[in-house]
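J.: model the following, please.
(one chain, ligands or ions: 2)
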Amino acid sequence: MEKKQKKQSGTARLFELAFTEKPLVVTSLILPVIGTAASFMPFIAVYFIIGEFAAHISDLGAADAGYMIMWGWIAGGCAIGAVALNYAALMCSHAAAFRTQYKLKLDFTRHLAALPMGFHTQNSTGKLRKVVDENIEKLEAFTAHQLPDIAGSFAAPVAALIILFAFDWRLGLAALVPLVMMYFIQSAAYGGGRAKTFIKKYQDSLEEMSNASVEYVRGISVVKAFGQTVFSFRKLYNTIKNYGDYVLQYTKAYKHSMVAFLTVLNNIYIFIMPVIILIYGGATDYAAFALAALFYLVFSMAMVEPFLKLMYVAETANQVADGIARMDAVLSAPPLKEAAEPKTADGYSVEFCGVSFSYGGIGAEQTEPETTVSGDSLSARRDKVAGLGIDGQRAESATETISDISFTAEQGEITALVGASGSGKSTIASLIPRFYDADKGAVKIGGTDVRDMSGEYLMSKVGFVFQDVFLFKQSVRDNIRAGDKNASDDDVIGAAKAARCHEFVERLPNGYDTVIGSDNIHLSGGEKQRLVIARAILKNAPILVLDEATAFADPENEQKIQEGLSELMRGKTVIIIAHRLSTVRGADKIVVLEGGRIAEIGKHDGLIAAKGVYAKMWEHYVNTLNWTIA
Ligand SMILES: Nc1ncnc2c1ncn2[C@@H]1O[C@H](COP(=O)(O)OP(=O)(O)OP(=O)(O)O)[C@@H](O)[C@H]1O
Ligand SMILES: [Mg+2]
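T.: Ligands and ions are numbered 1, 2, ... in the order given. Have a look, this model is predicted:
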């Protein structure tokens with residue numbers, strides 16, 4: 001979703017979004033205005049009825065019953081009409097709100113999918129979840145409830161003032177005084193920049209708290225395993241305490257204006273009473289005096305409720321506007337650039353031409369410090385490996401994760417990437433499906449830069465099994481079918497058989513319909529990996545990237561998966577990453593990486609003969625195979 005025009009901010013943007021469904025929203029604003037006017041009619045009716053009584057106080061029999069009954073009907077009709085109008089207004093506003101929410105959520109999720117991987121590694125899931133779930137939903141509440149309230153509440157004082165002025169302009173003026181006072185109290189409290197900063201800080205601390213609790217719950221296994229209860233809880237505790245402090249500050253800051261506002265609001269009659277006494281005090285017609293006094297006292301109280309609503313509206317409008325600003329911040333993150341005139345590939349060889357890339361270059365925003373509990377042990381280990389500067393080169397190009405990578409993975413061949421942990425193998429692989437874009441050089445498929453292809457086209461050409469296995473909380477069938485959403489059930493089972501998952505899937509309580517992650521369905525690391533392999537097999541894309549695809553498999557299964565894969569690999573461009581060097585021994589080309597650079601390229605025998613990095617790795621590998629517990 002691209003916004004060409006300059007984005008508005010704050011409440012202006014809030015209203016822009018709230019009016020997405022214009023006709024519905026406008027209707028939902030007009031109806032409560034009429035409704036409010038109608039809701040005042042009973043007061044007027046009562047005034048006339050009492051007036052008729054008062055006029056004939058000495059001889060009630062002479063009072064015009066028909067006249068009074070007419071006002072009775074008008075009062076009843078208007079009361080019912082007001083309810084009906086408000087009901088209709090809420091129907092309209094809810095329809096508008098849900099449509100807007102649906103549209104926004106859709107836009108938002110689409111945008112998330114279009115953002116580069118780098119954005120997602122730098123923004124916690126807790127934060128994004130909060131934007132989708134809470135901030136967008138706040139807008140729903142605003143459009144559905146607060147907007148019609150605003151309309152009704154603005155209409156109320158206006159209608160009330162018109163009525164007051166119509167009956168007696170002096171009383172109208174008297175009623176205006178508290179209204180003006182309340183307006184100033186309100187805008188002094190919430191209008192300035194102070195309120196905005198407050199709300200921003202308040203929302204920030206709320207966000208931090210929800211982030212910390214998500215991380216805490218997610219990392220609970222590490223917490224338990226290492227008995228870190230107190231330490232890991234401290235961060236969460238601090239965010240909760242912070243939040244508490246802000247709420248307290250917030251409340252304290254507004255206590256005076258709030259009390260002043262409510263005092264004036266609940267005592268409007270104090271402003272009207274003296275005027276009534278002044279005007280009618282000397283009157284001899286006590287009936288008229290009583291009538292006027294009664295009417296104004298009752299009527300002035302009718303203004304209280306709409307005003308209370310207005311007060312909350314001012315407060316929530318600020319909060320919703322802040323939530324929208326957070327949503328806009330995500331929406332304005334630039335999506336991965338799509339080529340204006342997408343090209344297609346001519347053949348499926350994968351060529352790296354002088355590619356350099358660093359994770360540091362993505363996004364200006366600094367990665368949020370992770371909590372101790374969530375510290376992914378794998379990346380921590382990698383960081384250590386990289387930080388130690390295993391060799392001189394790494395330290396030299398400390399800012400680049402991979403430097404000057406050039407090699408070609410030919411179509412119909414198997415190209416293997418090997419190297420120590422942290423040497424950049426996965427990083428190289430992730431540049432092919434454009435999880436990230438190269439900083440220097442280009443990744444080409446069939447001679448075409450991947451950046452010149454449409455995302456959809458590129459995705460249809462690359463199948464991958466990544467190191468970090470990801471399964472959806474869906475049925476086994478749907479998880480495999482993610483590879484090709486048009487696949488038949490037979491195709492799914494065929495792929496499952498080739499990836500050696502058919503047997504264990506059959507053993508699950510509901511077979512292929514078992515929902516992964518549902519109660520007590522837990523798959524082992526190797527089983528999950530095989531499901532992802534089945535997904536890739538089903539996708540049957542011309543380029544296949546396998547990053548440690550069989551790392552978790554036991555020797556027997558690995559053998560079988562290899563057999564299944566070898567059928568799939570025929571005629572394709574295969575890039576395979578493996579620590580078990582026996583897996584890659586037969587590759588057509590082995591690219592040996594060291595500290596983010598290519599150390600050697602060749603075939604197994606040639607590399608052994610060269611006695612370089614690979615030969616040493618092989619020697620270590622063979623030694624570990626022969627290693628036994630003494
Ligand atoms: N998302 C990321 N953000 C920042 N740095 C990263 C990220 N992923 C990896 N790195 C860093 O990039 C370097 C190369 O990582 P990469 O995952 O490519 O190594 P690898 O060769 O695949 O290692 P392994 O064999 O352990 O899988 C490491 O120093 C790692 O810390
Ligand atoms: Mg890796």
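
J.: for residue 52, pull up the helix or strand it's in.
T.: Using DSSP states H and E, residue 52 maps to helix 22-55.

J.: buried ones in that helix?
T.: Within helix 22-55, the residues that count as buried by 16 or more other Cβ atoms under 10 Å are 24-25, 27-52, 54. C-betas here are computed from N, CA, C, even on glycine.

J.: close to ligand 2: what parts of this protein are there?
T.: Taking Cβ under 5 Å from the ion as the criterion, the neighbours of ligand 2 within the chain are 426, 467.

J.: what's the longest helix in the chain?
T.: Longest helix in the chain by number of residues (criterion: DSSP state H): helix 65-114.

J.: what's the angle between that helix and helix 22-55?
T.: If you take axes from the mean of the first three to the mean of the last three Cα atoms, to 10 degrees, helix 65-114 sits at 160 degrees to helix 22-55.

J.: average pLDDT across helix 65-114?
T.: Across helix 65-114, the average pLDDT comes to 91.

J.: hmm, residue 148 is touching residue 91, no?
T.: No - assessed by Cβ atoms under 8 Å, residue 148 is found out of contact with residue 91, at 10.3 Å.

J.: settle it for me: which of those two has more neighbours?
T.: residue 148 (26 against 15; other Cβ atoms under 10 Å).

J.: and the more buried one, how far is that from residue 31?
T.: As judged by Cβ to Cβ, to the nearest Å, residue 148 and residue 31 stand 8 Å apart.

J.: who touches both of those two?
T.: Both residue 148 and residue 31 are in contact with 86, 89, where contact means Cβ atoms under 8 Å, 6 or more residues apart in numbering.

J.: returning to what we had before: now the helix holding residue 52: mean pLDDT?
T.: pLDDT averaged over helix 22-55 gives 86.

J.: same for that helix, what does it pack against?
T.: helix 65-114, helix 147-167, helix 286-302 (3 or more Cβ pairs under 8 Å, 6 or more residues apart in numbering; DSSP states H and E).

J.: excluding chain neighbours, what is closest to residue 43?
T.: Spatial nearest neighbour of residue 43, chain neighbours left out: residue 299 (5.2 Å); criterion: Cβ to Cβ, 6 or more residues apart in numbering.

J.: my read is that the one you found contacts residue 160, right?
T.: Yes - counting by Cβ under 8 Å, residue 299 touches residue 160, with 7.1 Å between them.

J.: hey, what's in contact with both of these two?
T.: Contact criterion Cβ under 8 Å, 6+ apart; residues bridging residue 299 and residue 160 by contacting each: residue 40.

J.: phi, psi of the residue in the stretch 201-350 of the chain positioned nearest to ligand 2?
T.: Nearest residue of the stretch 201-350 of the chain to ligand 2: residue 350, at 17.4 Å (Cβ to the ion). Note on residue 350: backbone dihedrals following degrees, to the nearest 10 are phi -110, psi 120.

J.: so it bridges to which residues?
T.: Per DSSP bridges, the residues bridged to residue 350 are residue 409, residue 445.

J.: what residues are up against it?
T.: With Cβ under 8 Å, 6+ apart, residue 350 has these contacts: 408-409, 415, 432, 443-445, 543, 573, 575.

J.: if we go to 7 Å?
T.: 409, 432, 445, 543, 573, 575 (Cβ atoms under 7 Å, 6 or more residues apart in numbering).

J.: residue 339 now?
T.: Residue 339 makes contacts with 451-454, as judged by Cβ under 7 Å, 6+ apart.

J.: what about residue 506, how many neighbours?
T.: Quick note: residue 506 (other Cβ under 10 Å) scores 11 neighbours.

J.: which strands or helices does the helix or strand encompassing residue 529 pack on?
T.: Using DSSP H and E, residue 529 falls within helix 525-539. If you count contacts as 3 or more Cβ pairs under 7 Å, 6 or more residues apart in numbering; DSSP states H and E, helix 525-539 packs onto strand 462-465, helix 476-481, helix 489-498, helix 555-569.

J.: strands paired with the helix or strand just after the last one, and their directions?
T.: So that's helix 555-569. Next along the chain after helix 555-569, taking DSSP H and E as the criterion, comes strand 573-577. Strand pairing for strand 573-577, using DSSP bridges, gives strand 414-419 (parallel), strand 543-547 (parallel).

J.: name the residues of the longest one that are buried.
T.: Same thing as strand 414-419. Using 16+ other Cβ under 10 Å as the burial criterion, the residues of strand 414-419 that qualify are 414-419.

J.: with stretch 87-107 instead?
T.: So for stretch 87-107, counting by 16+ other Cβ under 10 Å, buried means 88-90, 92-97, 100-101, 104.

J.: check stretch 589-601 too.
T.: By neighbour count on 16+ other Cβ under 10 Å, the buried set for stretch 589-601 is 589-601.

J.: stretch 54-66 now?
T.: Residues of stretch 54-66 classed as buried: residue 54 (neighbour count, 16+ other Cβ under 10 Å).

J.: hmm, who's touching that stretch?
T.: 52-53, 287, 291.

J.: how far out from the middle of the chain is that stretch?
T.: Stretch 54-66 has its C-alpha centroid displaced from the chain centroid by 67 Å (Cα atoms, centre = their mean, to the nearest Å).

J.: I figured residue 544 was touching residue 574, is that so?
T.: Yes - taking Cβ atoms under 7 Å as the definition, residue 544 is a contact partner of residue 574 at 4.9 Å.

J.: can you report how many residues neighbour residue 278?
T.: Counted with other Cβ under 10 Å, the neighbours of residue 278 add up to 11.

J.: helices or strands next to the host helix or strand of it in the packing?
T.: For residue 278, the element it lies in under DSSP H and E is helix 268-280. Using 3+ Cβ pairs under 7 Å, 6+ apart as the contact test, the elements touching helix 268-280 are helix 169-190, helix 286-302.

J.: what stretches of this protein score poorly on pLDDT?
T.: For the chain, the stretches with pLDDT under 70 are 1-10, 191-192, 223-232, 281-283, 311, 314, 361-398, 629-630.

J.: between the helix holding residue 529 and helix 489-498, how big is the angle?
T.: Counting by the same axes, to 10 degrees, helix 525-539 points 130 degrees away from the direction of helix 489-498.

J.: may I see the buried residues of helix 525-539?
T.: For helix 525-539, burial by neighbour count (16+ other Cβ under 10 Å) applies to 526-539.

J.: pull the residues that contact that helix.
T.: For helix 525-539, contacts defined as Cβ under 7 Å, 6+ apart pick out 463-465, 469, 471, 476, 479-480, 482-484, 487, 491-492, 495-496, 498-501, 504, 544, 549, 552-554, 557, 561, 564, 568.

J.: packing partners for the strand or helix carrying residue 139?
T.: Mapping residue 139 onto the secondary structure by DSSP H and E places it in helix 136-141. In this structure, helix 136-141 makes packing contacts with helix 65-114, helix 304-331, judged by 3+ Cβ pairs under 7 Å, 6+ apart.

J.: can you give me the distance of the nearest residue to residue 482 once chain neighbours are set aside to residue 71?
T.: In space, and not counting its chain neighbours, residue 482 is closest to residue 535: 5.6 Å by Cβ to Cβ, 6+ apart. The gap separating residue 535 from residue 71 is 75 Å, by Cβ to Cβ.
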